[in-house]
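Visitor: below: sequence and its predicted model.
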Amino acid sequence: MRNSFGAIITLFIVSVSQAQSKSANSSSYRTALGVKVWDGGGIAFKHFLHSNGALELIGYFWNRGSRITGLYEIHGPISGATGLKWYIGPGAHIGFYNTKFGDGSFIGIDGVIGLDYKFNGAPINISLDWQPSIEFGNNRGFVSSWGGLGIRYTF
């Protein structure tokens, strides 16, 4: 059992090292994991399915609840700005809230528009976006206050 655990750890370290060396030497990336700062905070995972399309999963957590959001993002380069891309796309979420606007579980549809930057020579990515949504349920509706600053480690 101990040898199996050691072998798994070794394989993990080797694969992360290889991925880090590939992503650290360019201004693009395939997968990133980090945080998203907003009124509360969240965990963000982004993975490119192809060169201009990515899935992003975000788990937001704050003192009045939590929200899980999934987005499909279409990325495009910004001419003359290596490593900087714009993105836009649709998504959906489920939220679990305890607020003055209502308690319970709610679902909604989301949109996203933002900028994404991968530092050349470093395994770091940052993004800044706005995620308007429409939430369904009593006392729900259009919500314009989601989005934030993402800081992620790329591999």
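Guide: Yep, it's here.
Visitor: could you report the neighbour count for the closest residue to Ser145 other than its chain neighbours?
Guide: Using CB to CB, 6 or more residues apart in numbering and skipping residues adjacent in sequence, the residue nearest Ser145 is Asp39, 7.0 Å away. C-beta here means a position set from N, CA and C on the backbone, and glycine is covered the same way. Using other CB atoms under 10 Å, Asp39 has 12 neighbouring residues.
Visitor: Asp39 against Trp62, yeah?
Guide: Yes: here Asp39 reaches Trp62: they are 6.4 Å apart, a contact under CB atoms under 8 Å.
Visitor: let me see the contact set for the residue positioned nearest the centre of the chain.
Guide: Nearest residue to the geometric centre of the chain (CA atoms, centre = their mean): Ala44, 3.6 Å. Contact analysis of Ala44 by CB atoms under 8 Å, 6 or more residues apart in numbering lists 32-36, 56-58, 150, 152.
Visitor: quick one: pLDDT of Ile78?
Guide: Per-residue confidence (pLDDT) for Ile78: 95.
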